[in-house]
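Engineer: sequence unavailable; structure follows:
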């Protein structure tokens, strides 16, 4: 089946690429808000516990990636594309509109948020038009461009800036009122790798579970480290009042040769988001092709451009009417937590279940 140049998969990815992909897909918008949601020191155990449980999903995703025989077809596949498109748009809304608001708040308050929405989409479209293989390879650039920033927070993790007394109590005396929200937010923060389950043709049929788990473990360490720094520097009472603590902390990092580190770090953290947005644009285009029963025709950049144009119009409408206050932002974040959390939990199992049903059906047809 010809799919044009956008979805060519002649060369499978090297196994270690998948570890980098998992890590950068998990380091998204929730990295910015998670410390404020968790707040209390004993929530460090929640990150580790949820990270351990979510590693079971990475095992299932590894099994999904080993499947690349094109079994997904038929009317039921088209039906599944309807909720899939809604989920993709929801995730893109939070990433694009949310991070555009961060850039507006921290760097350029005199420039409208809509300008940053358009710029992020243009950058993502430029990357996506080179095809899925190029987008997946971009994960290395996204990793190198952003992971270095975590070193800067080390200046705040040591005395006299850090106060280790803020780590008390490490064992809760009672379950906090926001306990369920904390669990859900951490689970949603580790979501992202489920979008890899349809990329079996790029895996080359290799066993990739250990590489997926390696990237996941690095994400656990990264989230734990940033929450630890936020906690020992700000303390729980002040941490709960700070919006986007990961970036606000940068204002306290003092280097002899540079000030206003957020001018560098915020654009650096945008690179993995451009990776995610490019991937979502290609997924949206592919989902629409399946829904309209055009997946047997070649995929062209013209169609991807039209989809991107429609997404830009949708996001500008969201910015104009549906995301204008802090209450709206909180509503979008809550919706993302529930929907993305459910998707991360269910998508790999549903994929494998559907594959098992299709395999059994084909065997019955052969024997019958």
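Structural biologist: Happy to help now that I have it. Since the model is a prediction, treat every value here as computed from it, not as a measurement.
Engineer: contacts for stretch 48-65 next, please.
Structural biologist: Here stretch 48-65 makes contact (CB atoms under 8 Å, 6 or more residues apart in numbering) with 18, 22, 183, 186-187, 190, 193-194, 196-197, 199-200, 203, 207-209, 212-213, 216-217, 219-220, 223-224, 344-345, 348-349, 351-352. For the C-beta atoms, the positions are set from N, CA and C on the backbone; glycine is no exception.
Engineer: pull out the buried residues from that stretch.
Structural biologist: 50, 51, 54, 55, 57, 58, 60, 61, 62, 63, 64, 65 (16 or more other CB atoms under 10 Å).
Engineer: got phi/psi on the last one?
Structural biologist: Just to be clear, that refers to residue 65. Dihedral angles of residue 65 (phi, psi; degrees, to the nearest 10) stand at phi -70, psi -20.
Engineer: now swap in the fourth one and tell me
Structural biologist: Per-residue torsions, residue 55: phi -60, psi -20 (degrees, to the nearest 10).
Engineer: longest helix in this structure, by residue count?
Structural biologist: The longest helix of the chain (DSSP state H) is helix 326-367.
Engineer: can you name every helix or strand that that one contacts?
Structural biologist: With contacts defined as 3 or more CB pairs under 8 Å, 6 or more residues apart in numbering; DSSP states H and E, helix 326-367 has these neighbours: helix 43-65, helix 75-106, helix 179-189.
Engineer: which of those helices sits closest to residue 293?
Structural biologist: helix 75-106 (6.8 Å; CB to CB).
Engineer: next one: the closest one to chain centre, how far?
Structural biologist: 11 Å (CA atoms, centre = their mean, to the nearest Å).
Engineer: now do the SS call for residue 175.
Structural biologist: coil (DSSP: H, G, I helix; E, B strand; the rest coil).
Engineer: tell me what angle the lowest-mean-pLDDT helix or strand in the chain forms with helix 43-65.
Structural biologist: Across the helices and strands of the chain, mean pLDDT, DSSP states H and E gives its lowest value to helix 326-367, namely a mean of 86. Angle of helix 326-367 versus helix 43-65, following axes from the mean of the first three to the mean of the last three CA atoms, to 10 degrees, is 30 degrees.
Engineer: next, the angle helix 179-189 makes with helix 326-367.
Structural biologist: 60 degrees.
Engineer: JSON lines for the helices and strands packed on helix 326-367, including mean pLDDT and distance to residue 262?
Structural biologist: Converted to JSON lines, the helices and strands packed on helix 326-367 look like this (pLDDT from 0 to 100; distance: least, CB to CB, whole Å):
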{"stretch": "helix 43-65", "mean pLDDT": "93", "distance to residue 262": "24"}
{"stretch": "helix 75-106", "mean pLDDT": "92", "distance to residue 262": "5"}
{"stretch": "helix 179-189", "mean pLDDT": "92", "distance to residue 262": "21"}
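Engineer: switch the ones you listed over to JSON lines; also include distance to residue 231.
Structural biologist: What follows is these, written out as JSON lines (distance: least, CB to CB, whole Å):
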{"stretch": "helix 43-65", "distance to residue 231": "8"}
{"stretch": "helix 75-106", "distance to residue 231": "21"}
{"stretch": "helix 179-189", "distance to residue 231": "13"}
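Engineer: quick check: which of the ones you listed is nearest to residue 269?
Structural biologist: Using CB to CB, the helices and strands packed on helix 326-367 put helix 75-106 closest to residue 269, at 8.2 Å.
Engineer: buried residues in that closest one, which are they?
Structural biologist: So helix 75-106, judged by 16+ other CB under 10 Å, has buried residues 77, 80-81, 84-85, 87-104, 106.
Engineer: just stretch 284-302 next, same as before
Structural biologist: For stretch 284-302, by 16+ other CB under 10 Å, it's 284, 285, 286, 287, 288, 289, 290, 291, 295, 299, 301.
Engineer: quick one: which two of those are the most distant?
Structural biologist: 291 and 301 (19.4 Å).
Engineer: could you check the pLDDT of residue 70?
Structural biologist: In this model, residue 70 is scored at 58, pLDDT.
Engineer: just residue 145 next, same as before
Structural biologist: For residue 145, pLDDT reads 94.
Engineer: tell me how far it lies from residue 315.
Structural biologist: 24 Å (CB to CB, to the nearest Å).
Engineer: looking at those two, which one has more neighbours?
Structural biologist: In this view residue 145 and residue 315 are compared by other CB atoms under 10 Å, and residue 315 has more residues nearby, 24 against 19.
Engineer: the more buried one: helix or strand, and which one exactly?
Structural biologist: Secondary structure from DSSP states H and E places residue 315 in helix 301-317.
Engineer: can you check residue 10 too?
Structural biologist: Counting by DSSP H and E, residue 10 is part of no helix or strand.
Engineer: cheers, nothing more for now.
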